[in-house]
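Participant: give me a 3D structure for the following:
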Amino acid sequence: MNRKLTLSALSAMALLATLSPQARGGDGYLYHDSHVHLTNYVQEGTEIHEYLEIMGDKVGRSTLFGLPLQQKWSYLNTEDNAPTYYLHSDAELYYYSFTDAVIAEQYNSLSESEKERFDPMITGFNPTDMYAVDHIKRVMKMYPGVFVGIGEFSVHKEFVSAKIAGETATLNNRALDRIFGFAAASGLIVLFHNDIDVPFSHEGTLPAYAKQMHELIMEHRETTVIWAHTGLGRIVYPRRGEDNEDGVGHNPSHLDLVEMTLKDSRLVNLHFDISWDAVAKYILATPESTKRAADLINTYPDRFLFGTDAVAPDIETYYDVYTLYKPLWDALTPEANRMIKIENYERIFDGAKKKVAAWEEKNGE
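Facilitator: Residues are numbered from 1 along each chain as shown. Alright, predicted model coming up:
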């Protein structure tokens, strides 16, 4: 590679190299990555062959999506200082549909064997638009054999939702209902970000969006759904869980709420990814929180996926989230380790590939 490795990057790579084959998946890879943005909020990113080099022989497969939102560069707001992130400016965000063509063209630049390591996703649609499904269909027909899912897109997201131009996305919007319905009909996976609660929420109350979220999933039981980051955010903290003030009953913690979801037979189509370093820090905050998360994953090993949430992946930081999670990996059973890192990805995405291929064959022009 052309870029020079820093000492921290070399240290991380050295640590990964020491892992035994038993610590890797059955095919020798450390993991498949369920959550990767090839581009950032100004549609700049990592060339796909460079990302493939970063993956090397450590990461087997990876999702591939851009970011559906573009940060506007408003001269009146930041003058000549060009923002590259949504927190760098007060100017609005807007939906950027061309991102899907960028991802498809990058994917199609690969050899057939290289393509087997990627699972591209459609993101360039507005989830409040009743025409969103038409955009998704159009992309599938323009690029057959490329996409296997939609996402990551956002509904409720701290900081972001209020900045998006136009109508605010909600879970009970008929447009979103149509998207989930089409995903079931076509076999597309849905991977989306939805905060479980509002920022700085009060303990002792039901998370603001938990009920609507569960109703949406139950309404679309044939849709394979991955809930990004288990519903957490930078300032959407996991609930601690504690007894009520009167000593009667119990205010559920975040993991209690996740467990209730996993136990519900009407929500078996719902999976969780534990991507993002913010989520890792919540899980690893204390030995007790790590054990609680590990116990949950060990009990329901088929319902979780690991992803980095890398944006424009860089060799210097790409493996940081994986190495950060080492205390969790150590607390998981061998079966749970294989499933969260390798097997669940293969089962879900390979299944989607077959269903989407069948839909495209039937509906292609």
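Participant: tell me where this structure has strands.
Facilitator: Taking DSSP state E to define them, one finds strands in the chain at 31-33, 36-37, 59-64, 69-71, 93-95, 118-122, 149-154, 189-193, 225-227, 242-243, 250-251, 270-273, 304-305, 310-311.
Participant: in JSON lines, list those strands along with distance to residue 142.
Facilitator: Using the backbone N, CA and C atoms, a C-beta is placed for each residue, glycine as well. Converted to JSON lines, the strands of the chain look like this (distance: least, CB to CB, whole Å):
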{"stretch": "strand 31-33", "distance to residue 142": "26"}
{"stretch": "strand 36-37", "distance to residue 142": "21"}
{"stretch": "strand 59-64", "distance to residue 142": "17"}
{"stretch": "strand 69-71", "distance to residue 142": "20"}
{"stretch": "strand 93-95", "distance to residue 142": "18"}
{"stretch": "strand 118-122", "distance to residue 142": "11"}
{"stretch": "strand 149-154", "distance to residue 142": "15"}
{"stretch": "strand 189-193", "distance to residue 142": "19"}
{"stretch": "strand 225-227", "distance to residue 142": "25"}
{"stretch": "strand 242-243", "distance to residue 142": "52"}
{"stretch": "strand 250-251", "distance to residue 142": "49"}
{"stretch": "strand 270-273", "distance to residue 142": "28"}
{"stretch": "strand 304-305", "distance to residue 142": "28"}
{"stretch": "strand 310-311", "distance to residue 142": "25"}
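Participant: go through the ones you listed and find the least confident stretch.
Facilitator: Sorting the strands of the chain by mean pLDDT places strand 242-243 lowest, at a mean of 58.
Participant: sorry, back to before: got the strands of the chain as TSV, with mean neighbour count and distance to residue 288 columns?
Facilitator: As requested, the strands of the chain are arranged in TSV below (neighbours: other CB atoms under 10 Å; distance: least, CB to CB, whole Å):
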stretch	mean neighbour count	distance to residue 288
strand 31-33	27	25
strand 36-37	26	31
strand 59-64	24	31
strand 69-71	24	37
strand 93-95	19	38
strand 118-122	26	35
strand 149-154	26	30
strand 189-193	25	27
strand 225-227	22	23
strand 242-243	11	13
strand 250-251	14	16
strand 270-273	24	20
strand 304-305	26	19
strand 310-311	20	29
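Participant: out of these, which comes closest to residue 345?
Facilitator: Shortest distance between residue 345 and the strands of the chain, using CB to CB, is found for strand 31-33: 3.9 Å.
Participant: for the closest one, packing partners?
Facilitator: On a contact count with 3 or more CB pairs under 8 Å, 6 or more residues apart in numbering; DSSP states H and E, strand 31-33 meets strand 59-64.
Participant: closest to residue 234 out of the strands of the chain?
Facilitator: Nearest of the strands of the chain to residue 234, taken as CB to CB: strand 189-193 at 11.9 Å.
Participant: mind saving the C-alpha coords of that closest one as CSV?
Facilitator: In CSV, the C-alpha atoms belonging to strand 189-193 read as follows (Å, rounded to 0.1, in the frame of the first residue of the first chain):
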residue,chain,number,x,y,z
ILE,A,189,-32.1,-7.4,4.0
VAL,A,190,-33.0,-4.2,5.9
LEU,A,191,-30.2,-2.8,8.0
PHE,A,192,-31.2,0.5,9.7
HIS,A,193,-30.3,2.9,12.4
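Participant: touching that strand from outside, list them.
Facilitator: 34-35, 63, 121, 148-155, 157, 179-180, 183, 223-229, 273, 348-349, 352 (CB atoms under 8 Å, 6 or more residues apart in numbering).
Participant: quickly run through the sheet partners of it, with directions.
Facilitator: Sheet pairing of strand 189-193 (DSSP bridges) gives strand 149-154 (parallel), strand 225-227 (parallel).
Participant: could you check the angle it makes with strand 118-122?
Facilitator: Here strand 189-193 runs at an angle of 70 degrees relative to strand 118-122 (axes from the mean of the first three to the mean of the last three CA atoms, to 10 degrees).
Participant: pass me the low-pLDDT residue ranges in this structure, would you?
Facilitator: Scanning the chain with the threshold set as pLDDT under 70 gives 1-27, 202, 204, 241-250, 365.
Participant: 50 - rerun?
Facilitator: Applying pLDDT under 50 to the chain flags residues 1-5, 7, 18-23, 248.
Participant: in it, which helix is the longest?
Facilitator: Longest helix of the chain, by residue count under DSSP state H: helix 344-363.
Participant: tell me which residues of that one come out buried.
Facilitator: Using 16 or more other CB atoms under 10 Å as the burial criterion, the residues of helix 344-363 that qualify are 344, 345, 346, 348, 349, 352, 353, 355, 356, 359, 360.
Participant: of those, closest to residue 262?
Facilitator: residue 344 (13.4 Å).
Participant: any figure for the gap between the nearest residue to that closest one once chain neighbours are set aside and residue 131?
Facilitator: Closest residue to residue 344 apart from its sequence neighbours, by CB to CB, 6 or more residues apart in numbering: residue 305 at 5.2 Å. Distance, residue 305 to residue 131, using CB to CB, to the nearest Å: 30 Å.
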